[in-house]
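S.K.: requesting a structural model of the entry that follows:
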Amino acid sequence: MNDRPNYITPAGYSALKAEYDALFAGERPKLVETIAWAAGNGDRSENGDYIYGRKRLREIDRRLGWLAKRMKAAKVVDPAVQTDRSRIWFGATVTIADEDDNHRTLTLAGDDETDAGTGRIGWNAPLARALRGAAVGDVRKVTLPAGEKDYEVLAIGYPG
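M.R.: Now for the predicted structure:
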């Protein structure tokens with residue numbers, strides 16, 4: 001794990017916790033029961049329920065470990081209480097334009113709650129790092145895999 005804070009919104013933290021609870025209290029106990037039943041059926045080497053169950057249990061335990069680490073390292077930040085709303089900080093919804101006047105609206109979210117399809121980019125993504133602290137009218141140069149690009153900040157908004 002890196003030494004950067006794991007910023008996350010309250011909703012993002014709730015989603016991690018809900019997934020953890022569903023796996024730990026729901027799916028895992030049922031799977032353990034199925035594995036115990038399958039183990040009691042004799043030869044385990046050709047027992048599909050037992051083999052699949054053990055494999056799935058390892059996957060669940062790995063995911064539970066990852067979720068526990070992420071929740072422990074999480075620093076919950078509510079963007080609705082941001083005091084400096086004139087600049088881009090965590091949780092801001094930003095409208096930017098590139099050199100070709102293509103407009104994009106993005107929300108700077110926690111790295112665990114990114115969703116490119118809805119415009120939620122991770123706080124530590126190259127574009128988000130370049131936009132941090134910018135105000136409306138600022139132009140920021142971003143180094144992307146396709147090369148450098150300039151983006152102008154057109155609007156900044158926060159929830160609430």
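
S.K.: just the element for the closest residue to Arg56 other than its chain neighbours, please.
M.R.: Counting by CB to CB, 6 or more residues apart in numbering, Leu31 is the residue found nearest to Arg56 once chain neighbours are left out, at 5.9 Å. In this view, the C-beta of every residue, glycine as well, is placed from N, C-alpha and C. Assigned by DSSP states H and E, Leu31 falls within helix 28-39.

S.K.: repeat that for Ser14.
M.R.: Using DSSP H and E, Ser14 maps to helix 10-21.

S.K.: pull the distance from that helix to the chain's centre.
M.R.: 11 Å (CA atoms, centre = their mean, to the nearest Å).

S.K.: so which elements touch the helix or strand that contains Asp150?
M.R.: Assigned by DSSP H and E, Asp150 belongs to strand 147-157. In terms of contacts (3 or more CB pairs under 8 Å, 6 or more residues apart in numbering; DSSP states H and E), strand 147-157 is packed against strand 93-98, helix 126-131, strand 139-144.

S.K.: if we go to 7 Å?
M.R.: Where contact means 3 or more CB pairs under 7 Å, 6 or more residues apart in numbering; DSSP states H and E, strand 147-157 is packed against strand 93-98, strand 139-144.

S.K.: and that strand, which strands flank it?
M.R.: Paired neighbours of strand 147-157 in the sheet (DSSP bridges): strand 93-98 (antiparallel), strand 139-144 (antiparallel).

S.K.: quick check: buried residues in it?
M.R.: Tyr151, Glu152, Val153, Ile156 (16 or more other CB atoms under 10 Å).

S.K.: nice, that's everything, thank you.
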